[in-house]
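# need coordinates for the below:
(chains A and B, ligands or ions: 2)
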Amino acid sequence: MGVRIDVSHLTMTYGALVAVDDVSFAVEPGEFFGLLGPNGAGKTTALEAIEGLRRPAGGTVRLDGHDPWRRDPSLQRRIGVQLQASSFFERLTTREQLRTFGALYGVPPARADRLLGTVGLEDKADERTEKLSGGQRQRLSIACALVHDPEVVFLDEPTAALDPQARRNLWDLLRGLTADGRTVVLTTHYMDEAEALCDRVAIVDEGRLLTLDTPAGLVRGLDAPVRITLAPGALAMDQVPGIGGVASAEEDDGGLVLTTREPAAVLGRLAARGALTGLSVRGATLEDVFLHLTGREYRS
Amino acid sequence: MTALRALTAAMAKAFVRDRMTIFWSVVFPLMFLALFGGLFSDRSSPRLDVVAVGSVAVLDQLPADARAQLDQSISVTTSDDLGGSLARVRSGAVAAVVTQDGGTVDVHYSRADQVRAAQLLATFSGLVDATNLAASGAPPAVSLHTAQVEDTSLRTIQFVTPGLLGWAVAMSATFGSAVNLVAWRTNGLLRRMRLAPVSTSSVVLARVGVSLAVAFGQVVIFLAVAVAFFGLKLTGWWPMVFPLTLVGTLAFLSIGLLAGSVAKTEEAAVGLANVIVLPMAFLSGSFFSLAGAPGWLQAVSRVLPLRYLNEAMLDTMVRGKGPSSVLVPVLVLLAFTAVLTAASARLFRWEP
Ligand SMILES: Nc1ncnc2c1ncn2[C@@H]1O[C@H](COP(=O)(O)OP(=O)(O)OP(=O)(O)O)[C@@H](O)[C@H]1O
Ligand SMILES: [Mg+2]
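Residues are numbered from 1 along each chain as shown, chains lettered A, B, ... in the order given. Ligands and ions are numbered 1, 2, ... in the order given. As a prediction, this is how the structure comes out:
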């Protein structure tokens, strides 16, 4: 159970464009791995090379030692894939889609039908796929990726169109997969999602791997100050120097924002003055790491 | 095996649930059958209206049985108004005015309709000859007996059915594979399937199976309608239509495969398939016989697969030729399939 992924000096090109540039990493069996990066960073391209859908221009990809580009049925049976753009058979119902995808992998219809419930689509079982909403199609696409109980699952922005309920349910489903020892690789633009799910994340931009670590490790590494926000009037600006340990202070309509590297001490002194009205404390998040590494400019 | 079955089921459902495709592959050809077989059938020439002005002895003194025979080709009314009747000839309301002055029969006709004119002149010269012969009292030295070379029951429907059927089979096989291929490529299903442990041959076999089922359905419906409503008479060798449909479907699936490999959108695939099949149907005698076509056209039609399919269908279903007559057409169609499939395999793309 679980598949080991070795990516070594992977390079992918579209004509003159280098979409993935000399990327190397490894994913252990049973690991939950996240691939983060701005639009056009090369996540989908890299993922498709690992799945065996695109041929590397340079470098190698190995799944448990096998080259995925050679279409080996015994390896393909162990891989589940949800592509960024979902695609289905024309004019089939939700149930029929799942059964058909299942049959491609030799899965009996009963098992396919069970997955309908797993992704909450029983109500839409007999509806043509063309009539499903965007999020429902996305859920069906994920179900199709999982229908044959794969040992490694590749999900390209699985939660992109999902409502909060569906997103949380999917999180539970995916956590269950790695708990069973399966390997999961996903891309996402939601940093909270990556923090909640991933054992390790890789951040890529313009085809290059910028960093790779656990989410907590990345946040720690950023060494960013903690932001403390107080309600307007809770503390006057001229009282701030008296607190001590505050790196910066800024006042606006939303209240007073203090940043500090000694949050425990500062909070204690604020409490002593009874100045905790409207308190909110926010440490650095993965999002801060992401923006710090990739900047704020729009990507093409 | 389960993959092949599942793919076949998926393609079959996609076909059955698409009203437009069913219309184009089943109803539309039947409309052509009704048009050609029903409206244009039995072109036994209509009777000609002839006005007899005054007494016309050659008509009036005809024996009853001869008169009855004559009435099959002309319908005689009488009038006293020569001028008015001539005007009606000029306007085309009647075919001719006949008068008789002693031994001279005058037929006034218009050459506006040459077929009508020829038929009219032949009728009256025959009538005059017969009257002369009867007056001489001598037995006829030579008598003419005419017989059509075809079965006497042979009518338009016999000729149009095989050609229209060939066209219908060609059309749905070509569109089936072209549109299927482009649709799966553009919606990404092709690349998704590439990740599944499914062999290309399973996908191809599923398409062939579904297209064959559709084609056999077309054949059965088409022949049943032609026999039941338009009086088609099939010869004993008609079941040869099934092996012919098999190889014909393979040939046109490969044409569709090539069109689908070249076309980038579904619309382009439909257009390309039309551009290939429609002119081919005209040039292969699907809509009218090539018997009277010029030599160069005959030569062109010899390189078209549909020509071979149409002719083999006509030979076995209507002309009653046996299996040996289909050997060459079957080999030609199979060779066509092999060449085009090889060509599309080179042009095949997984990615949109
Ligand atoms: N089929 C293609 N042909 C040419 N260029 C492509 C193709 N697919 C992607 N690209 C280019 O390669 C680069 C990487 O694209 P990719 O789809 O891998 O990005 P991504 O990280 O998945 O982005 P997103 O977050 O928007 O999904 C982009 O600059 C894109 O324009
Ligand atoms: Mg992407």
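
# now the residue in chain B that ligand 2 sits nearest to: how far from A:Ala143?
With CB to the ion as the measure, B:Gly188 is the residue of chain B nearest to ligand 2, at 13.1 Å. Every residue, glycine included, has its C-beta placed from N, CA and C. The span separating B:Gly188 from A:Ala143 equals 17 Å under the rule CB to CB, to the nearest Å.

# neighbour-wise, which of those two wins?
A direct count of neighbours by other CB atoms under 10 Å in any protein chain shown for B:Gly188 and A:Ala143 places A:Ala143 higher, at 25 against 18.

# that one against A:Glu122, yeah?
No: with contacts defined as CB atoms under 8 Å, A:Ala143 does not count as touching A:Glu122, sitting 11.4 Å away.

# show me what from the stretch 51-200 of chain A comes close to ligand 1.
Listed as neighbours of ligand 1 in the stretch 51-200 of chain A under the rule CB under 6 Å from any ligand atom: A:Gln84.

# hang on, the earlier thing: spit out the residues that contact A:Ala143 and A:Glu122 alike.
Both A:Ala143 and A:Glu122 are contacted by A:Leu116, under the criterion CB atoms under 8 Å, 6 or more residues apart in numbering or on different chains.

# which residues of the stretch 101-250 of chain A lie near chain B?
Counting by CB under 8 Å from any CB of the partner chain, the positions of the stretch 101-250 of chain A adjacent to chain B are A:101, A:103-106.

# could you flag which of those are buried?
Neighbour counting with 16 or more other CB atoms under 10 Å in any protein chain shown marks A:101, A:103-105 as buried within these.

# okay, now B:Ile74: neighbour count?
Residues lying near B:Ile74 (other CB under 10 Å) number 19.

# again with the one 3 residues further on
Other residues within reach of B:Thr77, judged by other CB under 10 Å, total 10.

# is it in a helix, a strand, or coil?
The local conformation at B:Thr77, judged by DSSP: H, G, I helix; E, B strand; the rest coil, is strand.

# that one reaches B:Val51, doesn't it?
Yes: because the distance of 5.5 Å satisfies CB under 8 Å, B:Thr77 is recorded as touching B:Val51.

# so how far is stretch B:280-288 off the chain centroid?
Average the C-alpha atoms of stretch B:280-288, do the same for its chain, and the two points are 8 Å apart (CA atoms, centre = their mean, to the nearest Å).

# list of residues touching that stretch?
Applying CB under 8 Å, 6+ apart, the set of residues contacting stretch B:280-288 from outside is B:32, B:36, B:160, B:163-164, B:166-167, B:170-171, B:290, B:297, B:300-301, B:304-307, B:309-311.

# please name every helix or strand in contact with the strand or helix carrying B:Val105.
Element membership of B:Val105 [criterion: DSSP states H and E] is strand B:104-109. Using 3 or more CB pairs under 8 Å, 6 or more residues apart in numbering or on different chains; DSSP states H and E as the contact criterion, the neighbours of strand B:104-109 among helices and strands are helix B:82-91, strand B:96-101, helix B:114-136.

# quick one: buried residues of that strand?
Counting neighbours by 16+ other CB under 10 Å, one finds that the buried residues in strand B:104-109 are B:105, B:107-109.

# which one of the residues you listed is nearest to A:Ser248?
A:Ser248 lies nearest to B:Tyr109 out of the buried residues of strand B:104-109, by CB to CB, at 113.3 Å.

# wait, what's in contact with the residue nearest to the closest one when sequence neighbours are not counted?
Residue nearest to B:Tyr109 in three dimensions, not counting chain neighbours: B:Ala96, with 4.2 Å by CB to CB, 6 or more residues apart in numbering or on different chains. Residues touching B:Ala96, when contacts are defined by CB under 8 Å, 6+ apart, comprise B:48, B:50-51, B:89, B:107-109, B:120.

# of those, which is the nearest to B:Thr265?
Of all the contacts of B:Ala96, B:Thr265 sits closest to B:Leu48, with 56.3 Å by CB to CB.

# A:Ala160: how many residues sit nearby?
The number of residues near A:Ala160, taken as other CB under 10 Å, comes to 15.

# SS state for it?
From three-state DSSP, the assignment for A:Ala160 is coil.

# outline the domain layout of the chain.
Using chain A. According to automatic domain parsing, chain A is divided into the following domains: A:5-213, A:225-283.

# hmm, I had chain B in mind actually
According to automatic domain parsing, chain B comprises the domains B:2-41+B:154-347, B:48-136.

# tell me which of the ones you listed is the most buried.
With neighbours defined by mean count of other CB atoms under 10 Å in any protein chain shown, none of those is more surrounded on average than domain B:2-41+B:154-347, at a mean of 19.

# low-confidence stretches in the chain?
Unless you meant another one, I'm taking chain A. A:300 (pLDDT under 70).

# sorry, I should have been clearer: chain B.
B:38-46, B:140-155.

# ok so, going back, sort out for me which of the residues of the stretch 101-250 of chain A next to chain B are in helices.
Among these, the residues falling in helices (DSSP state H) are A:101, A:103-104.

# quick one: which of those is nearest ligand 1?
Using CB to the nearest ligand atom, A:Phe101 comes nearest to ligand 1 of those, at 22.8 Å.

# leaving out sequence neighbours, find the closest residue to the closest one.
Closest residue in space to A:Phe101, ignoring its immediate chain neighbours: A:Cys144 at 4.3 Å, by CB to CB, 6+ apart.

# could you do B:Leu195 as well?
If the residues on either side of it in the chain are set aside, B:Leu195 comes closest to A:Val81, at 5.1 Å by CB to CB, 6+ apart.

# if I look at A:Asp180, how far off is A:Pro150?
Per CB to CB, A:Asp180 is found 11 Å from A:Pro150.

# what sits against A:Ser86?
A:137-138, A:140-141, B:188.

# just the buried ones among the residues of the stretch 101-250 of chain A next to chain B that are near ligand 2?
Restricting these to those within reach of ligand 2 (CB under 5 Å from the ion) leaves nothing.

# list just the nearest of the residues you listed to chain B.
Here the nearest of those to chain B, counting by CB to the nearest CB, is A:Ala103; it sits at 3.2 Å.

# does that closest one really touch B:Met1, like I thought?
No: the criterion here is CB under 8 Å, and A:Ala103 misses it with B:Met1 at 9.6 Å.

# what about stretch B:230-243, start to end distance?
Its first and final residues considered, stretch B:230-243 spans 24 Å by CA to CA, to the nearest Å.

# who touches that stretch?
Contacts of stretch B:230-243 from elsewhere in the structure, counted by CB under 8 Å, 6+ apart, are B:33-34, B:37-38, B:41, B:151, B:153, B:155, B:157-158, B:161, B:165, B:216, B:219, B:223, B:226-227, B:312-313, B:316-323, B:326, B:330.

# hang on, the earlier thing: of the contacts of B:Ala96, which pair is most distant in space?
The distance between the two most remote of these (CB to CB) is 13.1 Å, for B:Leu48 and B:His108.
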